[in-house]
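1. predicted model follows, preceded by the sequence.
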Amino acid sequence: MPDMPWTTPTPPASPDTEVYVMASRFETRTLLGALRFALRAPGIIGQIRKATGAHGAALRARIPRRTFLTLSAWQDRDALHRFAAGEPHRSSSRAAAAFMKESAFTFWTAKASDLPITWEEAERRLAAQEQARP
């Protein structure tokens, strides 16, 4: 599965607009779990492209390492929550729990002019979040 480069479903109103950003890292227990995760990704990508308030999203798939990174920017926290509660994300997330080894999430706000967020920034923030865990 190739990476999905940053895509912008709905551009923010202006460069000064504040957006809500989420980065996540998922690691599956097995290679089969990684393949299952990858098979669900196209449906979720399609959902993002239609989601109200989605200002950008990207996916980095490392199937041999059983690791996936996601990065997205939203109009606000509620837009992200509406997306997460919608289908196919909701049912895919529940099904993925059976083959997940671990996951990490981090959230922050940024100016629309900062989009697209770089993978380096996302990984830095995920690492800081994981170090802060007890």
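-> Okay, I see it.

2. contact partners of the longest helix belonging to the chain?
-> Taking DSSP state H as the criterion, the chain has its longest helix at helix 31-50. Residues from elsewhere that reach helix 31-50 (Cβ atoms under 8 Å, 6 or more residues apart in numbering): 1, 4, 7, 9, 26, 28, 54, 57, 59, 61, 63-64, 66-68, 72, 83, 86-89, 92, 95-96, 99-101. Backbone N, C-alpha and C define where each C-beta goes, glycine included.

3. please, which helix or strand holds Tyr20?
-> Using DSSP states H and E, Tyr20 sits within strand 18-28.

4. which neighbours in the sheet does that strand have, and how are they oriented?
-> strand 67-74 (antiparallel), strand 100-111 (antiparallel) (DSSP bridges).

5. quick one: contacts for the residue nearest to the spatial centre of the chain?
-> The centroid of the chain falls nearest to Thr70 when counting by Cα atoms, centre = their mean (3.1 Å). Counting by Cβ under 8 Å, 6+ apart, Thr70 touches 22-24, 26, 57-60.
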